[in-house]
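# coords below, sequence missing:
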């Protein structure tokens with residue numbers, strides 16, 4: 001260990017850390033890296049091996065509009081336009097400068113942040129627990145397939161990035177003690193965490209949980225106050241945008257039940273916690289959209305039982321084992337922004353659990369560490385058995401991650417893989433319709449758009465895409481009907497008015513074509529293509 005001490009003092013019952021506070025202040029990163037270079041190489045190698053096959057993947061889903069189809073991606077004015085999301089736009093700007101619109105240059109930053117989070121977690125745990133537990137936890141974090149959505153998907157960057165900067169901030173907070181310079185750096189690294197994602201606005205609660213578990217909240221609450229104040233400011237900004245977020249989700253992903261824009265937390269929270277734990281311990285049905293949230297009474301009872309056990313373990317940890325209390329609290333705190341009843345997020349999404357999964361990994365590592373301690377007392381051969389079992393788990397998880405990366409290769413592979421695990425998602429069928437359209441199978445394309453509309457009858461994009469398909473098939477009356485439906489459910493979808501204008505123009509109804517193109521221009525007045533189309537139409541009048 002790089003933590004040294006020039007003096008000794010008797011251990012008191014209140015000393016919950018393996019080292020005293022004054023010893024933490026002597027922690028030196030340079031010495032730690034020198035002493036743990038083999039672990040660094042091991043963790044880097046595992047991350048590289050698990051994600052190397054993702055570097056050739058293309059832009060998919062939410063990558064396309066803000067990056068591939070964004071003409072301002074290399075513009076400084078766009079990059080520094082607003083404060084929220086600024087670090088991500090800077091990274092996109094740098095990636096564009098390095099390799100243009102080559103996806104690998106964008107994705108490599110995600111992999112870098114993932115490795116940074118992995119090794120920072122290793123350092124934190126080397127301070128808080130035994131070295132083998134720190135290593136086991138970090139190995140799980142490095143290779144677990146539930147994290148691939150955040151790492152392999154370029155649009156998952158906010159999750160890998162805010163987690164890295166928070167873990168770095170948390171590490172500096174732990175070892176700061178009375179060192180004002182380290183405390184300042186801790187606060188400074190907390191800022192980009194918040195700018196990458198508003199979901200970081202609850203993470204000051206982890207500092208509180210840390211002080212309750214291992215420190216002294218009564219003495220150190222003032223150290224947490226600046227973090228809490230910064231989070232409160234961001235939280236207020238985020239609250240002001242909740243209405244926009246709910247409206248967007250209701251338009252594109254789900255139809256509000258009976259006009260309600262609230263989830264029932266008694267259903268939502270147990271299902272979310274139970275599903276995340278299931279995916280962590282058995283990462284089989286991984287999906288970009290976890291839409292299959294339909295359960296029988298018996299299945300819900302099982303989720304509720306798991307949640308009650310989970311809550312009971314937190315209470316038990318509070319009384320008996322501070323590590324259990326802290327790391328389960330870590331898991332739940334990092335998920336809080338997605339567990340609100342406001343319908344501002346999916347009930348379950350793998351990217352949401354990127355940071356919080358570390359809490360479960362630590363508890364699994366503590367369990368294996370305990371098994372090793374027991375094995376040492378009985379027979380050294382048992383210890384090797386435990387190591388072997390853990391190695392098999394790491395190998396299996398690594399293979400699952402490598403395979404999962406292939407699902408993200410391009411739009412076609414992504415949506416074909418996603419519909420297999422999530423057939424109830426309207427946006428999934430909408431995107432699968434695009435897959436068949438690119439392949440030239442217009443009949444299958446139309447069927448997928450119809451499925452999306454059947455699931456969500458207010459899904460404007462699906463109506464628009466179905467209209468495009470009918471137009472290509474020569475079924476113009478059906479195309480007009482669906483373009484009008486799309487505009488009805490989303491009045492800002494100027495592309496539908498453009499589609500109507502094209503049909504009317506080709507049929508010789510130039511007046512109707514002019515009316516439609518003018519409606520499109522009202523929505524997007526800076527669109528040069530629409531202006532040119534208007535000139536062509538007016539030349540025919």
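Thanks, I have the structure now. Here the structure is a predicted model, which means the values were calculated and not measured. Numbering: from 1, shown residues only.

# can you list contacts of stretch 125-136?
By Cβ atoms under 8 Å, 6 or more residues apart in numbering, the residues outside stretch 125-136 that reach it are 1, 3, 17-19, 24, 27, 32, 36, 39, 122-124, 137-138, 171, 174-175, 214, 323, 362, 364-366, 368-369, 372, 390. In this view, the C-beta of every residue, glycine as well, is placed from N, C-alpha and C.

# now the helix or strand in which residue 150 is found, how far from the centre of its chain.
Per DSSP states H and E: residue 150 is located in helix 148-152. Between the centre of helix 148-152 and the centre of its chain there are 8 Å (Cα atoms, centre = their mean, to the nearest Å).

# now a ChimeraX select for only the buried ones of the contacts of stretch 125-136.
Filtering the contacts of stretch 125-136 down to the buried ones (16 or more other Cβ atoms under 10 Å) takes a single ChimeraX command:
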select :3,17,19,24,27,32,36,39,122,123,124,137,138,171,174,175,214,323,362,364,365,366,368,369,372,390
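
# please name the nearest non-neighbouring residue to residue 365.
In space, and not counting its chain neighbours, residue 365 is closest to residue 136: 3.5 Å by Cβ to Cβ, 6 or more residues apart in numbering.

# and the pLDDT for that neighbour?
For residue 136, the pLDDT comes out at 98.

# mind checking the SS state of it?
For residue 136, the secondary structure call by DSSP: H, G, I helix; E, B strand; the rest coil comes out as helix.

# what segments of the stretch 101-250 of the chain are helices?
Ranges of helices in the stretch 101-250 of the chain, per DSSP state H, counting those that start in this stretch, are 103-128, 131-143, 148-152, 157-174, 180-196, 204-214, 217-239, 242-252.

# ok, which of those helices comes nearest residue 45?
Across the helices of the stretch 101-250 of the chain, residue 45 has its closest neighbour in helix 131-143 (9.3 Å, Cβ to Cβ).

# that closest one: which residues count as buried?
133, 134, 135, 136, 137, 138, 139, 140, 141, 142, 143.

# how big is the angle separating that helix from helix 103-128?
160 degrees (axes from the mean of the first three to the mean of the last three Cα atoms, to 10 degrees).

# what angle sits between helix 131-143 and helix 157-174?
Here helix 131-143 runs at 160 degrees with respect to helix 157-174, directions being taken by the same axes, to 10 degrees.

# so can I have a markdown table of the helices of the stretch 101-250 of the chain showing distance to residue 91?
Putting those into a markdown table (distance: least, Cβ to Cβ, whole Å) gives the following:
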| stretch | distance to residue 91 |
| --- | --- |
| helix 103-128 | 5 |
| helix 131-143 | 21 |
| helix 148-152 | 14 |
| helix 157-174 | 7 |
| helix 180-196 | 9 |
| helix 204-214 | 25 |
| helix 217-239 | 20 |
| helix 242-252 | 23 |
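
# farthest pair in the buried residues of helix 131-143?
Farthest apart among the buried residues of helix 131-143 by Cβ to Cβ are 133 and 143. That separation is 16.7 Å.

# residue ranges with poor pLDDT in the stretch 401-541 of the chain?
Filtered on pLDDT under 70, the stretch 401-541 of the chain yields no residues whatsoever.

# how about the helices in it?
Here the stretch 401-541 of the chain has its helices, by DSSP H, counting those that start in this stretch, at 411-421, 426-438, 442-455, 460-473, 476-489, 494-506, 510-523, 528-538.
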